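> Return a 3D structure for these sequence lines:
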Amino acid sequence: MLWRRIISGVAVALFVGISLVSSIGQAQAAPLKAPHLTSKQILAETSIDGPGLAKNIVGHEGDSTLVLAWTGTDPQHHLNLLTSNTGSTWINKRTLAETSFVRPAVERVTYMAGGEVVLAWTGTDPRHTLNVLWNAYNNGNSPMKKVTFWGDMSFTAPALAMSGDRIYVAWAGTDPKHSLNIMALSQRTLKVIAIKRYLPFSSSARPSLSIGSADSLLLSWTNQAGQLSFAIGDEAFHFGAASVSTNTSSAGPDFFYAFSIYIGDVVTPKYWWAWTGKDANHSIHIAFNNTTVWPPASNTTTLGEWALGGPELGWRGLTFTVVLVWTGTDPHHHLNIGMVSSA
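Below you'll find the model as predicted:
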């Protein structure tokens, strides 16, 4: 697979170079507005929890395929998938034989590296064991493979991220503190490369995990006091101290990084947060900043949208669009897709 990595690296380098050139000569970026929805779509699909969304960080060979995953409202609560190349038309529905009582986490390998979809979820077995599935669409580029990690359990949904040839899985344990844990797996084989149990962080809901600049690990969660928290680590699982916000939630937040790129005279903010509040409606909040300091109030918006469980954020390839997905609080709990702008 070396040639794939070489081509991928060249594509990323060319894209970053073009982006930097496009920024030269910009006297001043247009002022950013508080984040807001530019479009919203309600799908026919329904879920018992919030959905999962592959992050699709920009620069991956121009790949813009989004992958949405959720746990259905059918009696067995099967895991489901959809994909989209536009962000508005969702196709390729796949219902798996696997089941869960909470949402799955999902990521996707870039098209030039194979395009396989990876899922992680907490099982419905009595111990709520972690599971990871490689190549959920069985696209023929590599064999489908499932591993159940007996002895690693969670009371809620896991988180998933990918960088290079590594798959990262984070989860909140079933110990009394609900300690956060993290492991790295090899792609295709799902062999454990490294694992670190009982990080010095405790969570009251599902954690979130994404890849930051220089392949850093962005881990976020809701602590046991209900406060949104995050910490930044490296591939050796060395994490800095937790940054704790005054914002609170009963669900897990989402936190991710996007390249800062000019589109005309507007620059895309680097860091984005999304969460649901503790108000009766569980309103969705979204915020951004160009550093990992918690965003100021001017960069934070309470949307007129409500969610079951926490929302998730993604990035629509080279279209520079931030995507927000959530499960509505309507009686059937339909999935919602929103496009977010700061311009």
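> any idea whether residue 235 is helix, strand or coil?
The three-state assignment at residue 235 reads coil, by DSSP: H, G, I helix; E, B strand; the rest coil.
> Quick one: residues contacting it.
For residue 235, the contacting residues are 163, 166, 184, 194, 215, 217, by C-beta atoms under 8 Å, 6 or more residues apart in numbering. The C-beta positions use only the backbone N, C-alpha and C, and glycine is treated the same way.
> Name the surrounding residues that touch the longest strand along the chain.
Using DSSP state E, we find that the single longest strand of the chain is strand 36-46. Strand 36-46 is contacted by residues 70, 72-73, 80, 82, 88, 90, 301, 303, 305, 324, 327-328, 332-342 when judged by C-beta under 8 Å, 6+ apart.
> Could you identify the buried members of those?
Neighbour counting by 16 or more other C-beta atoms under 10 Å classes 70, 72, 80, 82, 90, 301, 303, 305, 324, 327-328, 333-342 among the contacts of strand 36-46 as buried.
> hey, where'd the helices end up in this structure?
Assigned by DSSP state H, the helices in the chain fall at 2-23.
> where does it have low pLDDT?
The chain contains residues with pLDDT under 70 at 1-31, 56-63, 259-267, 317-320.
> on that earlier part again, okay, the contacts of residue 235 in CSV with neighbour count and distance to residue 233 next?
Formatted as CSV, the contacts of residue 235 follow (neighbours: other C-beta atoms under 10 Å; distance: C-beta to C-beta, whole Å):
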residue, neighbour count, distance to residue 233
163, 17, 12
166, 17, 13
184, 21, 11
194, 13, 12
215, 11, 11
217, 23, 4
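> Rebuild those residues as CSV, extending it with distance to residue 271.
Formatted as CSV, the contacts of residue 235 follow (distance: C-beta to C-beta, whole Å):
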residue, distance to residue 271
163, 17
166, 22
184, 23
194, 26
215, 16
217, 14
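> Closest one of the residues you listed to residue 144?
The closest of those to residue 144 turns out to be residue 166 (C-beta to C-beta; 19.3 Å).
> From residue 329, how far off is that closest one?
Distance, residue 166 to residue 329, using C-beta to C-beta, to the nearest Å: 36 Å.
> Over to residue 314?
To residue 329, residue 314 is 21 Å away according to C-beta to C-beta.
> next one: residue 278
According to C-beta to C-beta, residue 278 stands 14 Å off from residue 329.
> sorry, back to before: keep only those of the contacts of strand 36-46 that are in strands.
70, 80, 82, 301, 303, 305, 324, 327, 334-341.
> For residue 71, give me its contacts.
So residue 71 contacts 47-49, 77-80, 99-104, 121 (C-beta under 8 Å, 6+ apart).
> Specify the beta-bridge partners of it.
Counting by DSSP bridges, residue 71 forms beta bridges with residue 79.
> partner residues bridging the nearest residue to residue 191 once chain neighbours are set aside?
The spatially closest residue to residue 191, leaving aside those adjacent along the chain, is residue 185, at 6.5 Å (C-beta to C-beta, 6 or more residues apart in numbering). The partner list for residue 185 in beta bridges (DSSP bridges) reads residue 167, residue 192.
> hang on, isn't residue 185 packed against residue 167?
Yes: contact status for residue 185 versus residue 167: in contact at 4.3 Å, counting by C-beta atoms under 8 Å.
> so what sits against both of those two?
What both residue 185 and residue 167 touch, as defined by C-beta under 8 Å, 6+ apart, is the set residue 132.
> Looking at residue 314 and residue 329, which has the bigger crowd around it?
Ranked by neighbour count (other C-beta atoms under 10 Å), residue 314 and residue 329 place residue 314 first, with 27 against 15.
> dump the residue contacts of the more buried one.
Neighbour list for residue 314: 53-56, 66, 256, 322-323, 325 [criterion: C-beta under 8 Å, 6+ apart].
> same check, this time on residue 153
For residue 153, the contact set (C-beta under 8 Å, 6+ apart) comprises 122, 127-130, 173-174.
> do the same with residue 100
Each residue near residue 100 by C-beta under 8 Å, 6+ apart is listed here: 71, 77, 79, 121-124, 157.
> how about 10 Å then?
48-49, 70-72, 76-79, 119, 121-124, 128, 131, 157-158 (C-beta atoms under 10 Å, 6 or more residues apart in numbering).
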